[in-house]
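Q: I'd like to go over a predicted model; first the sequence, then the structure.
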Amino acid sequence: MFTFCTDPASLPDWQWMACYLTTGKHMSLYWSVGTVLLLLAITAPTALLFGFGGASAARAGFAPLRWFGKTYIAIVRGVPDIAFFLFFVIALDQMFEYIRHRILCPDWTEAVRQGNDFVVCAAAKLPLGNAPQWVHEVYGFATAVLTFAIVFGAFAANVLYGAMRAVPSAQLETAAAYGMNQRQTFWRILVPQMWVYALPGLSNLWMVLIKATPLLFLLGVEDIVYWARELGGSKTPRFTDYPHGDWRMWYFLALLVFYLAFTKLSEVVLDRLMARLTHGQATAAGEAQRKAA
């Protein structure tokens with residue numbers, strides 16, 4: 001990036017470090033920070049949407065829908081995240097390709113399952129073999145977002161289900177006495193009040209989601225942990241012009257600072273959100289605010 005970055009061996013220490021930290025590979029590391037933040041920005045509301053749907057289904061009066069909601073929560077919460085990520089991404093990818101295969105290649109006579117191999121026609125591949133590199137990266141990122149959303153949506157569903165049950169039943173009965181139907185009671189009485197009970201659990205889930213972002217590497221996305229390991233290693237071929245020792249400790253220390261700073265910022269924002277939600281509410285936090293005032 002700098003004009004003096006011509007002969008690394010002849011550079012003084014500060015210039016050598018400036019050139020080293022601005023190479024193309026380090027730019028990939030910096031871009032991966034944006035990838036992690038983008039993942040969190042998309043996954044959090046998507047997982048909350050899955051969670052709200054799962055919690056609503058789990059308390060539905062229609063038995064098959066209730067069974068579906070409770071089964072979704074139980075299965076995803078009962079499987080280790082790593083095992084679910086490794087299985088679900090492959091299964092999801094093969095499901096999409098199989099659907100495309102049945103539509104685009106109806107004359108295909110060979111079996112799709114050939115031993116341990118999953119074989120579909122070239123037109124059904126996702127992404128296509130001749131697709132640009134950015135298409136492969138976007139597809140991998142979208143698959144990662146969907147997988148994270150389904151996993152953490154199940155945990156969010158359990159939190160929201162408990163929050164819905166925590167809303168005093170007397171208020172729901174009062175709404176029914178005033179002539180509100182079930183839909184009106186749900187959206188006007190239950191949903192607005194459940195967030196104050198759900199936020200502590202959702203706050204913990206947000207922290208867990210932040211710490212789970214290194215699992216992106218398992219899904220084929222080059223995240224900050226991947227680049228820290230690659231760039232910090234002493235035997236890596238990434239830097240033939242800038243050889244160095246084993247600097248992984250310093251790279252991971254920088255990641256430690258990054259995650260601690262991000263979680264601290266999250267705590268501040270969530271505390272303010274909690275104070276806003278509990279203001280005037282008949283809860284322990286709301287009563288504490290009333291006494292403090």
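A: Good, I have the coordinates. Note that the structure is predicted; figures quoted are calculated from it, not measured.
Q: contacts, neighbours, all on C-alpha from now
A: Noted.
Q: what about the closest residue in space to residue 223 that isn't next to it in sequence, distance to residue 146?
A: What sits nearest to residue 223 in space, not counting adjacent residues and going by C-alpha to C-alpha, 6 or more residues apart in numbering, is residue 32, at 5.2 Å. For residue 32, the distance to residue 146 equals 18 Å [C-alpha to C-alpha, to the nearest Å].
Q: tell me the secondary structure for the residue nearest to residue 223?
A: Taking DSSP: H, G, I helix; E, B strand; the rest coil as the rule, one finds residue 32 in the helix state.
Q: for residue 134, see how far away it is.
A: Using C-alpha to C-alpha, we find residue 32 at a distance of 14 Å from residue 134.
Q: out of those two, which sits in the busier spot?
A: residue 32 (19 against 9; other C-alpha atoms under 10 Å).
Q: surely the more buried one touches residue 226?
A: No: shown here, residue 32 and residue 226 do not form a contact pair, counting by C-alpha atoms under 8 Å, at 9.3 Å.
Q: pLDDT below threshold where in this protein?
A: Scanning the chain for pLDDT under 70 picks out 1-4, 6-12, 129, 234-243, 279-293.
Q: quick one: the strands in it?
A: In the chain, the strands defined using DSSP state E lie at 113-114, 117-118.
Q: can you redo those as TSV with mean neighbour count and distance to residue 50?
A: Converted to TSV, those look like this (neighbours: other C-alpha atoms under 10 Å; distance: least, C-alpha to C-alpha, whole Å):
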stretch	mean neighbour count	distance to residue 50
strand 113-114	10	32
strand 117-118	10	29
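Q: export those as TSV, with columns for distance to residue 211.
A: Shown next, in TSV, are the strands of the chain (distance: least, C-alpha to C-alpha, whole Å):
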stretch	distance to residue 211
strand 113-114	37
strand 117-118	33
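Q: which among those is found nearest to residue 151?
A: Of all the strands of the chain, strand 117-118 sits nearest to residue 151, with 25.0 Å by C-alpha to C-alpha.
Q: quick one: contacts of the closest one?
A: Contacts to strand 117-118, defined as C-alpha atoms under 8 Å, 6 or more residues apart in numbering, come from residues 94, 112.
Q: give me the sheet partners of that strand and which way each runs.
A: strand 113-114 (antiparallel) (DSSP bridges).
Q: list of residues touching the strand it pairs with?
A: Under C-alpha under 8 Å, 6+ apart, the answer for strand 113-114 is residue 119.
Q: now do stretch 48-58: distance to the chain's middle.
A: 16 Å (C-alpha atoms, centre = their mean, to the nearest Å).
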